[in-house]
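J.: Give me the fold of what follows.
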Amino acid sequence: MQYPQIDNKNLGRVWNLAWPMILSNISVPLLGAVDTAILGHLSSPEYLSGVAIGASVMSMLLWAFGFLRMGTTGLVARSQTGGVEWLLRALLLALVLGVLLILLAYPLLEHIIIWMNASSEASPHALAYLQIRLISAPVALANFAILGFFIGRQDSRAPLYILLTANLLNIGMDFLLIVGFGLGAKGAAIATVCADVFSFLMGLTLLIRVNKNIWQAILAYLHNRQILPWIEWGPWLELVHINTDLFVRTCLLLLTLTFFTAQGAAQGDSVLAANAILLQLLMITSYALDGFAHATEALVGESIGKKSNKLFHETVSAAGIWALGSALSLTVLLILGKPFIIALFTDIDSVIEQINSAYWWLCALPLLAVWSYQLDGVFIGAAKSRQMRDTMLIATIFIFFPCWWLTQSWGNHGIWFSLFLWMSARSIGLIFYYHYYTVTKSWVCE
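T.: Numbers count the residues shown, from 1 in each chain. The predicted structure follows:
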């Protein structure tokens, strides 16, 4: 039995790879937080409620294909040839899935909004938001593949450049379109579409960081009909096998969060708006902690490629220490910064009352959830996606929904308590699987 040992050198290595990912990661929910803060200071919670529903549905539709990021990272990290061929496969798959998503989802948007329990006042804003956001689905999915490629190559600076600049553009356009032109939900959607397209173009441009002649090489492959190796069945089956488990896992995650939003909507616009703000704060903490998980993915993938058990365990140890310290810091920050944080997001009295009621659930979640995020990174890097799928399945089907059913009389506290147990179950399940592989098997040389 071999457990990870603390190694100062690897502590520094994990931090050097993780901090750009933390900055780039938190820029994503911070962007949503800016949308939320701007809309939360408008005259009515209906605007915020509409965008909260629209953004939740869009997250469900897009992040169902988040395997394009996770699967690409693991495959590129373990590749001995640089991983460009995996990027090309992932980009092709992303563009095809994006077009199919537009064709299949667009006619169903009104029905989806009804299922989300949107009020009659919030529904038009949600529909307008979704109709515009869906346009950028192909490039949004392609961005997952590009980010996964850079992370797999341990290039955390490229995602930082892409996400920070794109989100700054999005924030600027939010102020212009929502505050300046009064476009409300439509303005928030247009700003995000523009940011998606900008991210895609910038990501393609930054591929020259990997190889200055990368585009000439791709054109040469096409000209010489050497693209055929990229569409051989073997690699595609490997890509599909890994991504199928991740797809199921991500769909269950999004089902839970979308159901959470829908249950808040059923309790009124004020509860929905309050939960939207609290979920934005939860996403900020989650994405920050995911920076260490992304570093773990790349370094664990490297240890698998090198067949080094020692490097594997040192990586897990170092990343776990950083993640736990960060979770503690975020919890303290949420507790001490409560008055300022709430005032930043909204000045609507009914929404503030609901936030105050549920805020302490939010404060408890980082320390519970950190292990699920961190071990996700281990299992993705080690290409053990089935364990992630099974853990999420148990947590969702056997913990979250039964708990929600039993606590409906608790109102909003019931749905937050269900989320609390769901996060706990995910962490416990992955800890069990990690212990099992550490005790009975070799992570690297099975």
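
J.: use CA for all of it now, contacts and neighbours both
T.: Noted.

J.: so who does the nearest residue to Gln154 once chain neighbours are set aside touch?
T.: Leaving aside its chain neighbours, Gln154 sits nearest to Ala298 (5.9 Å; criterion: Cα to Cα, 6 or more residues apart in numbering). Counting by Cα atoms under 8 Å, 6 or more residues apart in numbering, Ala298 touches 73-74, 77, 151-154, 381.

J.: Go through these and flag which are in helices.
T.: Within these, residues falling in helices by DSSP state H are 73-74, 77, 151-152, 381.

J.: Let's have those residues in a markdown table, adding neighbour count and pLDDT.
T.: Conversion of those to a markdown table gives the following (neighbours: other Cα atoms under 10 Å; pLDDT from 0 to 100):
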| residue | neighbour count | pLDDT |
| --- | --- | --- |
| Thr73 | 33 | 80 |
| Gly74 | 32 | 74 |
| Ala77 | 28 | 75 |
| Ile151 | 28 | 83 |
| Gly152 | 31 | 83 |
| Gly381 | 32 | 81 |
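
J.: Report the two of these separated the most.
T.: Farthest-apart pair in those is Ile151 and Gly381; separation 10.9 Å (Cα to Cα).

J.: Now do the shared contacts for these two.
T.: 73, 298.

J.: Among the contacts of Ala298, which one lies nearest to Ala343?
T.: Using Cα to Cα, the contacts of Ala298 come closest to Ala343 at Ile151, 35.6 Å.

J.: Touching, that closest one and Thr73? I think so.
T.: Yes. Here Ile151 reaches Thr73: they are 5.9 Å apart, a contact under Cα atoms under 8 Å.

J.: Any figure for the gap between the closest residue in space to Leu97 that isn't next to it in sequence and Ser79?
T.: Leaving aside its chain neighbours, Leu97 sits nearest to Pro138 (7.1 Å; criterion: Cα to Cα, 6+ apart). Per Cα to Cα, to the nearest Å, Pro138 is found 26 Å from Ser79.

J.: Count the neighbours of Gln280 for me.
T.: A total of 20 residues lie near Gln280 under the criterion other Cα atoms under 10 Å.

J.: pLDDT on the host helix or strand of Val300, on average?
T.: Element membership for Val300 (DSSP states H and E) is helix 269-306. Averaging pLDDT along helix 269-306 gives 84.

J.: buried set for that helix?
T.: Buried residues in helix 269-306, defined by neighbour count with 16 or more other Cα atoms under 10 Å: 269-305.

J.: could you point out which element follows the lowest-mean-pLDDT helix or strand in the chain?
T.: Sorting the helices and strands of the chain by mean pLDDT, DSSP states H and E puts helix 214-223 at the bottom, at a mean of 63. Downstream of helix 214-223, the first helix or strand assigned by DSSP H and E is helix 233-266.

J.: Which elements pack onto that next one?
T.: helix 45-63, helix 67-78, helix 269-306, helix 385-394, helix 412-440 (3 or more Cα pairs under 8 Å, 6 or more residues apart in numbering; DSSP states H and E).

J.: and of those, who's closest to Asp245?
T.: Nearest of those (Cα to Cα): helix 385-394, 5.6 Å.

J.: Quick check: Phe420 vs Ser286, distance?
T.: On the measure of Cα to Cα, Phe420 and Ser286 end up 14 Å apart.

J.: In the helix or strand Leu204 falls within, which residues are buried?
T.: For Leu204, the host element (DSSP H and E) is helix 184-206. Residues 184-200, 202-203, 206 are the ones in helix 184-206 that count as buried (16+ other Cα under 10 Å).

J.: what does that helix contact?
T.: Counting by Cα under 8 Å, 6+ apart, 35, 39, 47, 50-51, 125-126, 128-130, 132-133, 135-136, 139-140, 142-143, 146-147, 158, 162-163, 166-167, 169-171, 173-174, 177-178 sit against helix 184-206.

J.: residue contacts, Ala369?
T.: 423-424, 426-427.

J.: Turn these into JSON lines, columns for neighbour count.
T.: Putting those into JSON lines (neighbours: other Cα atoms under 10 Å) gives the following:
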{"residue": "Met423", "neighbour count": "25"}
{"residue": "Ser424", "neighbour count": "20"}
{"residue": "Arg426", "neighbour count": "26"}
{"residue": "Ser427", "neighbour count": "23"}
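
J.: In CSV: those, plus pLDDT and distance to Thr346.
T.: Shown next, in CSV, are the contacts of Ala369 (pLDDT from 0 to 100; distance: Cα to Cα, whole Å):
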residue, pLDDT, distance to Thr346
Met423, 94, 27
Ser424, 95, 30
Arg426, 95, 32
Ser427, 94, 32
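
J.: that older thread, compute the inter-axis angle for the helix holding Leu204 and helix 45-63.
T.: Interaxial angle, helix 184-206 versus helix 45-63 (axes from the mean of the first three to the mean of the last three Cα atoms, to 10 degrees): 30 degrees.

J.: Give me the distance between helix 184-206 and the centre of its chain.
T.: 17 Å (Cα atoms, centre = their mean, to the nearest Å).

J.: tell me the average confidence for it?
T.: Averaging pLDDT along helix 184-206 gives 90.

J.: Also stretch 79-87?
T.: 72.

J.: likewise stretch 19-38?
T.: For stretch 19-38, mean pLDDT rounds to 67.

J.: Please apply the same query to stretch 245-252.
T.: The model assigns stretch 245-252 a mean pLDDT of 84.

J.: ok, back up a step: could you pick out which of the contacts of helix 184-206 are located in helices?
T.: Short answer: those in helices (DSSP H) are 35, 39, 47, 50-51, 125-126, 128-130, 132-133, 139-140, 142-143, 146-147, 158, 162-163, 166-167, 169-171, 173-174.

J.: In PyMOL, how would I select the buried members of those residues?
T.: Selection of the buried residues among the ones in helices among the contacts of helix 184-206 in PyMOL, burial being defined by 16+ other Cα under 10 Å:
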select buried, resi 35+39+47+50+51+125+126+128+129+130+132+133+139+140+142+143+146+147+158+162+163+166+167+169+170+171+173+174
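
J.: I figured Gly291 was touching Met21, is that so?
T.: Yes. Counting by Cα under 8 Å, Met21 is a contact partner of Gly291 at 4.7 Å.

J.: Buried residues, stretch 327-347. List them.
T.: Quick answer for stretch 327-347 (16+ other Cα under 10 Å): 327, 330-331, 334, 338, 342, 344-346.

J.: Including secondary structure, distance to Leu92 and pLDDT, could these go into CSV?
T.: As requested, these are exported to CSV (DSSP: H, G, I helix; E, B strand; the rest coil; distance: Cα to Cα, whole Å; pLDDT from 0 to 100):
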residue, secondary structure, distance to Leu92, pLDDT
Ala327, helix, 37, 93
Leu330, helix, 38, 93
Thr331, helix, 41, 95
Leu334, helix, 41, 94
Lys338, helix, 45, 92
Ile342, helix, 43, 88
Leu344, helix, 41, 80
Phe345, helix, 39, 80
Thr346, coil, 42, 79
